[in-house]
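Trainee: dropping the sequence and predicted coords here.
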Amino acid sequence: MKVELPDLVGYESLIDFIEKYKLYKLEGNILEIGSFLGGGTVKLALLVEKYKKKVYTVDIFDPDVDLSVNTDGLSMSEIYNLILQGKKQLSLFKKVIEGFDNIIVIHKDSKDLTFRKEEKFFFTFIDGNHTPFYIWNDFKLSWNNTVSGGVVAFHDYRGDLPETTSAIEEIRDKYKKEIERTEEIYEKKILFLFKK
């Protein structure tokens, strides 16, 4: 029986993108900021294990901290708690990723995180806290360690979180000299930035 992995984004779009551009041939690993229940994390880990690469995933595992409000007036915290229905996020996540030795879990607030210069990423997916402060923080955290030709992708671009979209557009405009080009999957609300 096939186990359905909890994936709210549709990580197949990310996997298709990585394979289309053969990003796994670049130096480094994958960084995921915001793993929620780990379904997408596992899909990324399955993709890159054959290339002897890892997925570093960062999450605070506290569904109450993201107070971003969508256009329907619901906070992300409320949405996460509706999905969890009283279950513990971290416990569910650990069950989903069990048995994977190429998933490195960083259980902390991304604003308290730094990477050493030698830690390189060829692909980052940002879907953590949706407030502008964190969008900027998570971008800088990943971009500084993204290899040339690598990609940083944002979820919830032009979706129902206008402040998130505004922050992503500010980043795109401010860093345009360092960005080779952008690509968008509108249906999945994902924007990809290619680093020069």
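Mentor: Thanks, I have it. Residues are numbered from 1 along each chain as shown.
Trainee: now do the lengthiest strand in the chain, average pLDDT.
Mentor: Ranked by residue count, the top strand of the chain under DSSP state E comes out as strand 146-155. Averaged over strand 146-155, pLDDT sits at 98.
Trainee: next: stretch 47-63.
Mentor: 97.
Trainee: measure that stretch end to end?
Mentor: 27 Å (C-alpha to C-alpha, to the nearest Å).
Trainee: check the offset of it from the chain's centre.
Mentor: A distance of 9 Å separates the C-alpha centroid of stretch 47-63 from that of its chain, computed with C-alpha atoms, centre = their mean, to the nearest Å.
Trainee: go on, stretch 45-53?
Mentor: When C-alpha coordinates are averaged (C-alpha atoms, centre = their mean), stretch 45-53 and its chain have centres 17 Å apart.
Trainee: buried set for the longest strand of the chain?
Mentor: 146, 150, 151, 152, 153, 154, 155 (16 or more other C-beta atoms under 10 Å). In this view, the C-beta of every residue, glycine as well, is placed from N, C-alpha and C.
Trainee: ok, now stretch 115-123?
Mentor: 120, 121, 122, 123.
Trainee: list the contacts of the last one.
Mentor: The one in question is residue 123. Residue 123 makes contacts with 14, 18, 23, 30, 31, 150, 151, 152, 153, as judged by C-beta atoms under 8 Å, 6 or more residues apart in numbering.
Trainee: just checking, it is part of a helix?
Mentor: No - according to DSSP: H, G, I helix; E, B strand; the rest coil, residue 123 belongs to no helix; its state is strand.
Trainee: how close does it get to residue 193?
Mentor: Distance of residue 123 to residue 193, given as C-beta to C-beta, to the nearest Å: 11 Å.
Trainee: on that earlier part again, nearest to residue 41, of the contacts of residue 123?
Mentor: Taking C-beta to C-beta as the measure, residue 30 is the one of the contacts of residue 123 closest to residue 41, at 9.3 Å.
Trainee: how far away is the closest one from residue 194?
Mentor: 15 Å.
Trainee: between the two, which one's more packed in?
Mentor: Remark: of residue 30 and residue 194, residue 30 carries more neighbours, 27 against 18, as counted by other C-beta atoms under 10 Å.
Trainee: what's opposite the more buried one in the beta bridge?
Mentor: residue 55, residue 123 (DSSP bridges).
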